[in-house]
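Chemist: pasting the structure only:
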Ligand SMILES: NC(=O)c1ccc[n+]([C@@H]2O[C@H](COP(=O)([O-])OP(=O)(O)OC[C@H]3O[C@@H](n4cnc5c(N)ncnc54)[C@H](O)[C@@H]3O)[C@@H](O)[C@H]2O)c1
C-alpha cells in the first residue's frame, strides 16, 4: 500500500502516521507538508527513517501530480486550522482549505487512486444548543475556518459525482493529545500551567466542546478508509462534551496547580456555543474509542512534560 498523508507534520497528521506505522507495517508512507507555522519537522524526527517526506503546498498541482502518481491512497489533513487566525486573515484559509484542496483533487483524479480521504470537522454543522447533528444535517458554518472546511467537503463530493473519485469525508470533534500546537485550548492550558503563566479562557469558559483523544480519531480514520463507502461522510465523536472551563480545571488538577492561573478574556467574535455530533455510522463500521477524557488528558499532560521542545519557545 502506497499512502500519501498531507499535513503529516501537523498535530493529527503526525499522530496518524504513527498509527499507520504501528498497524500497517508494510505500508509505503509519504508525507506532503508545506511546513507552515503549525507543521514542524521535529514532529516526525523519530520516524523520519521510516517514511518519505516532501515539502510542498497541496495546491501545487504539478508537483503533487508527480508525487502521487503511483499512490493508492491519499489522506488529506493539510489545512489552516486555527479559528482565531481565520478571523484575522481569512484569505490564507481560502488558499489552503479551498484552492489548495482543489489542486490536490485535480492531481488525485489523474492518479489511479483506490481511495481519497478528506479530513473535515464537526464545526461545518455550526452550533447546536441541544441534540446532536448527524451526517445528513445541513451545513451551517459560522466562521471563516469552518466555512472553508464546508466548501472543501462540497468540493470533494463534486469530484466523487463528476469524476468518479473514490473519496470519503470524515468529520471529527475537537482533538487533543501529543504534538498539538499550544495555540489550541488544551496544550495552551498545559504549557502555560507548566510555566506558571496565566491561562486565557474565552467567555468564562461556558462554551461546550466534545473532546476526543487524537489516537482514537486516527483509528476511526483508518476504519473509514478501509470500510467506508465511496461518497459517504462519517462523523467521529468523542462523546465527551464539557464546558471549556471544566477542561482547564481538570488539567490544573492533574498538574496540582491553582485555578488562580485562569484568566477570563473577552469572547471572540461569532464564537459558536456548542458543537455536538452523533457517530452511529462509524461505530457500525466497527470503530470504538479506547480513551476516556481523564486517561487521555493524563497521557497528554505526561507527553508535554516529557517533550521540552513542545513547551519551550512555542508559548502563544
Ligand atoms: N485539531 C482538531 O481538533 C481537529 C478536529 C477536527 C478536524 N480537524 C481537521 O484535521 C486536519 C488536521 O488538523 P490539525 O489540528 O492537525 O492541524 P495543524 O494546524 O496542526 O496541522 C496542519 C498541517 O497542514 C500543513 N499545511 C497547511 N496548509 C498546507 C498546504 N497548503 N499544503 C501543504 N500542507 C499544508 C501545516 O504545515 C501543518 O503541518 C485539518 O484538516 C482540520 O480541519 C482538526
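Modeler: Perfect, thanks for sending it. Nothing here was measured: the structure is a model prediction, and the numbers come from that model. Numbers count the residues shown, from 1 in each chain.

Chemist: now do the strands in the stretch 51-200 of the chain.
Modeler: In the stretch 51-200 of the chain, the segments counted as strands under DSSP state E, counting those that start in this stretch are 52-55, 73-76, 115-121, 167-172, 174-176, 199-202.

Chemist: nearest residue to residue 138 in space, ignoring adjacent ones along the chain?
Modeler: Leaving aside its sequence neighbours, residue 138 sits nearest to residue 125 (CB to CB, 6 or more residues apart in numbering; 7.9 Å). (C-beta placed from N, C-alpha, C; glycine too.)

Chemist: give me the number of residues near the one you found?
Modeler: Number of residues near residue 125 (other CB atoms under 10 Å) recorded here: 25.

Chemist: ok, now which ones touch it?
Modeler: Residues in contact with residue 125 (CB atoms under 8 Å, 6 or more residues apart in numbering) are 133, 137-141, 171, 275, 277.

Chemist: which SS state does the residue of the stretch 201-316 of the chain found nearest the ligand fall under?
Modeler: Relative to the ligand, the nearest point of the stretch 201-316 of the chain is residue 217 (7.3 Å; CB to the nearest ligand atom). Classification of residue 217 using DSSP: H, G, I helix; E, B strand; the rest coil returns helix.

Chemist: tell me, how many neighbours does it end up with?
Modeler: Neighbour number of residue 217 under other CB under 10 Å is 27.

Chemist: what sits against it?
Modeler: Residue 217 is in contact with 12, 15, 172, 175, 236, counting by CB under 8 Å, 6+ apart.

Chemist: and the second one, what pLDDT?
Modeler: The reference is to residue 15. Here, the pLDDT recorded for residue 15 equals 98.

Chemist: what number of residues lie near it?
Modeler: A count of nearby residues for residue 15, using other CB under 10 Å, gives 23.

Chemist: determine the next helix or strand in the C-terminal direction from the helix or strand hosting it.
Modeler: Secondary structure from DSSP states H and E places residue 15 in helix 11-23. Next helix or strand after helix 11-23 toward the C-terminus (DSSP H and E): strand 28-33.

Chemist: for that next one, which helices and strands make contact with it?
Modeler: strand 2-6, helix 11-23, strand 52-55, helix 61-68 (3 or more CB pairs under 8 Å, 6 or more residues apart in numbering; DSSP states H and E).

Chemist: closest to residue 223 out of these?
Modeler: helix 11-23 (10.8 Å; CB to CB).

Chemist: all the helices of the stretch 201-316 of the chain, in order from the start?
Modeler: All helices of the stretch 201-316 of the chain, identified by DSSP state H, counting those that start in this stretch, fall at 214-227, 244-255, 280-284, 293-306, 308-311.

Chemist: please identify the most buried of those helices.
Modeler: Among those, helix 214-227 has the highest mean neighbour count (mean count of other CB atoms under 10 Å), at a mean of 21.

Chemist: between it and strand 2-6, how big is the angle?
Modeler: Between helix 214-227 and strand 2-6, the angle comes out at 130 degrees (axes from the mean of the first three to the mean of the last three CA atoms, to 10 degrees).

Chemist: for helix 214-227, give the mean pLDDT please.
Modeler: Helix 214-227 comes out with an average pLDDT of 98.

Chemist: pLDDT value on residue 133, please?
Modeler: Looking at residue 133, its pLDDT is 98.

Chemist: that one reaches residue 278, doesn't it?
Modeler: Yes: using CB atoms under 8 Å, residue 133 makes contact with residue 278 at a distance of 7.2 Å.

Chemist: list residues touching both of those two?
Modeler: Contact criterion CB under 8 Å, 6+ apart; residues shared by residue 133 and residue 278: residue 235.
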